[in-house]
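Enquirer: attaching a predicted model along with its sequence, questions to come.
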Amino acid sequence: MYLKRGAEKEYKIRHDNLWPELQALLKAYGISNYSIFLDSETGILFASLDCPENYDENGLAKEAVMQKWWGYMEELMETESNAAPKTKPLEQVFYLK
């Protein structure tokens, strides 16, 4: 994901105050150990999370609370036309269990 320049502080504040209903929704979808990291030089955000094998990413994206959060965050991030954060898939090149 990509954070707009100058939005770093507000992005952190909003995540420090994550809505309880969004937290409950993420947990209901089986998401845990969710971390977001920022490269302050490029504005690139890297998210890491654990989710079940049957995780329904498309279902989560359609949830009203998720849509509302994306709208709330839209001014801080590069987004797609539906206000979802713009993302870029990464290739896993190493894994140690």
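Expert: Received, thanks.

Enquirer: low-confidence ranges, the chain, go.
Expert: Within the chain, no range satisfies pLDDT under 70.

Enquirer: which parts of it are strands?
Expert: 32-39, 44-50 (DSSP state E).

Enquirer: what's next to the first one, contact-wise?
Expert: Going back to what we said before, that points to strand 32-39. 3, 8, 11, 15, 26, 44-51 (Cβ atoms under 8 Å, 6 or more residues apart in numbering). In this view, the C-beta of every residue, glycine as well, is placed from N, C-alpha and C.

Enquirer: list the strands paired with that strand, with their directions.
Expert: Strand pairing for strand 32-39, using DSSP bridges, gives strand 44-50 (antiparallel).

Enquirer: the strands of the chain: which one's closest to residue 82?
Expert: strand 44-50 (18.0 Å; Cβ to Cβ).

Enquirer: filter the contacts of strand 32-39 to the buried ones?
Expert: Buried members of those, scored by 16 or more other Cβ atoms under 10 Å, are 3, 11, 26, 45, 51.

Enquirer: got JSON lines for these, with distance to residue 38 too?
Expert: Below are those laid out as JSON lines (distance: Cβ to Cβ, whole Å):
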{"residue": "3", "distance to residue 38": "6"}
{"residue": "11", "distance to residue 38": "8"}
{"residue": "26", "distance to residue 38": "19"}
{"residue": "45", "distance to residue 38": "6"}
{"residue": "51", "distance to residue 38": "21"}
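
Enquirer: and which of the residues you listed is nearest residue 88?
Expert: residue 45 (10.6 Å).

Enquirer: against residue 52, how distant is the spatially closest residue to that closest one that is not a sequence neighbour?
Expert: Leaving aside its sequence neighbours, residue 45 sits nearest to residue 1 (Cβ to Cβ, 6 or more residues apart in numbering; 4.1 Å). Distance of residue 1 to residue 52, given as Cβ to Cβ, to the nearest Å: 22 Å.

Enquirer: next up, the contacts around the residue nearest to residue 71 when sequence neighbours are not counted.
Expert: Leaving aside its sequence neighbours, residue 71 sits nearest to residue 83 (Cβ to Cβ, 6+ apart; 5.0 Å). By Cβ under 8 Å, 6+ apart, the residues touching residue 83 are 67, 70, 71, 73, 74.
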